[in-house]
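dropping the sequence and predicted coords here.
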Amino acid sequence: MYNPQLDQHKKLKHLLTIEGLPKAILQQILDTAETFIGINEREVKKVPLLRGKTVCNLFFENSTRTRTTFEIAAKRLSADVLNLNVSTSSQSKGETILDTVNNLIAMHADIFVVRHNQSGAAHFIAQHVPEHVSVINAGDGRHAHPTQGLLDVFTIRRYKPDMHNLRVAIVGDVLHSRVARSEIHALTTLGVPEVRVIAPKTLLPADVEKLGVQVFHDMQTGLKDVDVVMMLRLQNERMSGALLPSAQEYFNTYGLTPEKLALAKPDAIVMHPGPMNRGVEIDSRVADGAQSVILPQVTYGIAIRMAVMTLLAGGINT
Amino acid sequence: MQLPDPERLLADITAQIAPRISANTALVGIHSGGVWLMKRILETLDNKPDTGTLDAAMYRDDYAQRGLKNQPKPADIGFEVEGKHIILIDDIFFTGRTTRAAMNEIFDYGRPCKIELAVLINRGGAELPIKPDITGADMPLDASHTLELSQNTQGKLQLKLLTA
């Protein structure tokens, strides 16, 4: 089957979505990221792999953390980095996406990191760039956020190396979450046998079971004996109106408190892609507690993004 | 072609390395062959110096053409590099590009006072003004040959010559 993310030698050309990527490529990314962990702990946190390359962060939607970690990752690989917040620049003057991209290609950008509120935006750009340019999707609408999915499975693998023997629960607004979709594809591709989603019916996509997950509507049964709890962010605009009665009621039912976490295995880890709404989807005692790996996720996110950019820029010689 | 016995060459370079080791010396093996050699050399020494391992893949100048090796190994430099005397250990010396990459990586940890290079075999073909200080054997080969060091399950070293 044609996969626009792979070149004719089945090597990674663009990273647009985890869906459809072979397990071997996911493992290659995770294994490569492992080698960057050490570099990020050194005095000189830099290697010359992307020297002379230009990475362009093209953000049509705001995101401080994702943009910052991509920027740090590119700089630690010795690339030159250009940050464009397009929402505040030429788009507001009426320029089309492709005109913006073509201008940057004329400036010899090598890798585009794209965040857009429309699903498919990174895919669209990838179809229009020349052969030597790669595109990384840093979040498109409700569709995908592949580097977040990868850094999440990387974090899980570091704490729970035996992925074939895990029970993982994803809790919250799966319907609007590109993070959840990428996490589910990454977990199932890597062979995690049991992936659960826990959410009210109004925050689940219609055919969510088709992604290979088990559906739960209450935390009491859903969290029972899980090894990993992945919380999702509840976006402010969903907290009132038709989908949910109120933020307080959501917290009472689906917010992760120490009492609810006690239903999971005693050594379960707690994850959150950030930014957190404390007191809405997660209790501060859990977010700051011993089982939380939320800050390590951020650290590992840099290694994952370094790995992805490395593989796109040079590929692996097999 | 008659290949030398790598176990004998290892004994040779160990004998050359031992007198150079002082309290300020560290042995650094380059993955994979150099690390095997470094560990074997270490076994014979009474006063154990600091040790480290490197995989210079991320510092190579030909990365854009050939990419990374399948699984680059993390570097492990657990000692203070600043002011250190470092003996780099590699199995086969060819173009000198791995040595250059390894030296660049070492300098990202600090400024050593001296770096020396010990290799099992110098196969000729240097493309940079770099040459080993300690050599087990000189064995000039043309570019169509590949010389490989391997280690069997008992830890015994073996040499293999492949022709393209």
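Okay, I see it. Numbering: from 1, shown residues only, chains lettered A, B, ... in the order given.

any regions of chain A where pLDDT drops low?
For chain A, applying pLDDT under 70 flags the ranges A:1, A:88-93, A:237-241, A:315-318.

for it, which residues are neighbours of chain B?
Residues of chain A lying near chain B by CB under 8 Å from any CB of the partner chain: A:31-32, A:34-35, A:37-39, A:42-44, A:46-49, A:310, A:313-318. Heads up, the C-betas are built off the backbone N, CA and C, glycines and all.

among those, name the ones in helices.
Judged by DSSP state H, the residues of chain A next to chain B include A:31-32, A:34-35, A:37-39, A:310, A:313-314 as members of helices.

related to what we said a few turns ago, of the residues of chain A next to chain B, just the buried ones, ChimeraX syntax please.
Filtering the residues of chain A next to chain B down to the buried ones (16 or more other CB atoms under 10 Å in any protein chain shown) takes a single ChimeraX command:
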select /A:31,32,34,35,37,39,47,48,49,310,313,314,315,316
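
how about the residues of chain B by chain A?
Counting by CB under 8 Å from any CB, the residues of chain B near chain A are B:55, B:58-59, B:63-64, B:66-76, B:104-105, B:108-110.

where does chain B have its least confident helix or strand?
helix B:63-66 (a mean of 72; mean pLDDT, DSSP states H and E).

which strands and helices sit next to it?
If you count contacts as 3 or more CB pairs under 8 Å, 6 or more residues apart in numbering or on different chains; DSSP states H and E, helix B:63-66 packs onto helix A:294-314.

now the helix it packs on: buried residues?
In terms of neighbour count (16+ other CB under 10 Å), helix A:294-314 has its buried residues at A:294, A:296-298, A:300-314.

CA atoms of that helix as PDB?
Extracted in PDB, the C-alpha atoms of helix A:294-314 (Å, rounded to 0.1, in the frame of the first residue of the first chain):
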ATOM      1  CA  ILE A 294       4.800  14.000  33.400                       C
ATOM      2  CA  LEU A 295       8.000  15.900  33.500                       C
ATOM      3  CA  PRO A 296      10.100  13.000  32.300                       C
ATOM      4  CA  GLN A 297       7.700  13.000  29.300                       C
ATOM      5  CA  VAL A 298       8.800  16.500  28.400                       C
ATOM      6  CA  THR A 299      12.500  15.500  28.700                       C
ATOM      7  CA  TYR A 300      12.000  12.400  26.500                       C
ATOM      8  CA  GLY A 301      10.100  14.500  24.000                       C
ATOM      9  CA  ILE A 302      13.400  16.200  23.100                       C
ATOM     10  CA  ALA A 303      15.100  12.900  22.500                       C
ATOM     11  CA  ILE A 304      12.200  11.600  20.400                       C
ATOM     12  CA  ARG A 305      12.200  14.800  18.200                       C
ATOM     13  CA  MET A 306      16.000  14.600  17.800                       C
ATOM     14  CA  ALA A 307      15.500  11.000  16.700                       C
ATOM     15  CA  VAL A 308      12.800  11.800  14.100                       C
ATOM     16  CA  MET A 309      14.700  14.700  12.600                       C
ATOM     17  CA  THR A 310      17.900  12.600  12.500                       C
ATOM     18  CA  LEU A 311      16.200   9.800  10.600                       C
ATOM     19  CA  LEU A 312      14.600  12.200   8.200                       C
ATOM     20  CA  ALA A 313      17.800  14.100   7.500                       C
ATOM     21  CA  GLY A 314      20.100  11.200   7.000                       C
END
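
give me the sheet partners of the helix or strand where A:Val215 lies and which way each runs.
A:Val215 is located in strand A:214-216, with elements delineated by DSSP states H and E. Looking at strand A:214-216 with DSSP bridges, its partner strands are strand A:194-198 (parallel).

how far does stretch A:162-179 stretch from start to finish?
Between the opening and closing residues of stretch A:162-179 lies a distance of 23 Å (CA to CA, to the nearest Å).

same check on stretch A:44-51?
In stretch A:44-51, first residue to last residue: 15 Å (CA to CA).

please enumerate the helices of chain B.
Using DSSP H, helices in chain B cover B:6-17, B:33-44, B:63-66, B:97-107.

who does the first one touch, helix- and strand-wise?
Of the remaining helices and strands, those touching helix B:6-17 by 3+ CB pairs under 8 Å, 6+ apart are helix B:33-44, strand B:114-122, strand B:134-138, strand B:157-163.

what's the answer for the last one, then?
Judged by 3+ CB pairs under 8 Å, 6+ apart, the packing partners of helix B:97-107 are strand B:25-30, strand B:50-54, strand B:85-93, strand B:114-122.

contact partners of it?
A:47-48, B:28, B:30, B:54, B:56-62, B:75, B:77, B:81, B:86, B:88, B:90, B:93, B:112, B:115, B:117, B:127-128, B:130 (CB atoms under 8 Å, 6 or more residues apart in numbering or on different chains).

give me the buried subset of the residues you listed.
Burial by neighbour count, 16+ other CB under 10 Å: within the contacts of helix B:97-107 this picks out A:47-48, B:28, B:30, B:54, B:56-60, B:75, B:77, B:81, B:86, B:88, B:90, B:93, B:112, B:115, B:117.

can you redo the helices and strands packed on helix B:6-17 as JSON lines with mean pLDDT and distance to A:Lys23?
Converted to JSON lines, these look like this (pLDDT from 0 to 100; distance: least, CB to CB, whole Å):
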{"stretch": "helix B:33-44", "mean pLDDT": "96", "distance to A:Lys23": "29"}
{"stretch": "strand B:114-122", "mean pLDDT": "98", "distance to A:Lys23": "38"}
{"stretch": "strand B:134-138", "mean pLDDT": "97", "distance to A:Lys23": "42"}
{"stretch": "strand B:157-163", "mean pLDDT": "93", "distance to A:Lys23": "31"}
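
of these, which is nearest A:Gln27?
Closest of the helices and strands packed on helix B:6-17 to A:Gln27 is helix B:33-44, at 23.5 Å (criterion: CB to CB).

residues making contact with the closest one?
With CB under 8 Å, 6+ apart as the test, helix B:33-44 has contacts from B:10, B:13-14, B:17-18, B:27-29, B:48-49, B:51, B:53, B:88-92, B:120, B:149, B:151, B:155, B:157.

just the buried residues from these, in PyMOL please.
Restricted to buried positions by 16+ other CB under 10 Å, the PyMOL selection for the contacts of helix B:33-44 reads:
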select buried, chain B and resi 10+13+14+17+27+28+29+49+51+53+88+89+90+91+92+120+149+151+157
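
which positions in stretch A:184-192 come out as buried?
For stretch A:184-192, by 16+ other CB under 10 Å, it's A:184-190, A:192.

closest to A:Ile25 out of those?
For those, the closest approach to A:Ile25 (CB to CB) belongs to A:Thr189, at 9.3 Å.

checking whichever residue of the stretch 151-300 of chain A sits closest to chain B next. Helix, strand or coil?
Relative to chain B, the nearest point of the stretch 151-300 of chain A is A:Arg158 (13.3 Å; CB to the nearest CB). The local conformation at A:Arg158, judged by DSSP: H, G, I helix; E, B strand; the rest coil, is helix.

any idea how far the nearest residue to B:Gly124 once chain neighbours are set aside lies from A:Arg233?
Once flanking residues are discounted, B:Gly124 sits nearest to B:Pro140: 3.9 Å by CB to CB, 6 or more residues apart in numbering or on different chains. As judged by CB to CB, to the nearest Å, B:Pro140 and A:Arg233 stand 64 Å apart.

for chain B, give me the ranges with low pLDDT.
Scanning chain B for pLDDT under 70 picks out the ranges B:69-70.
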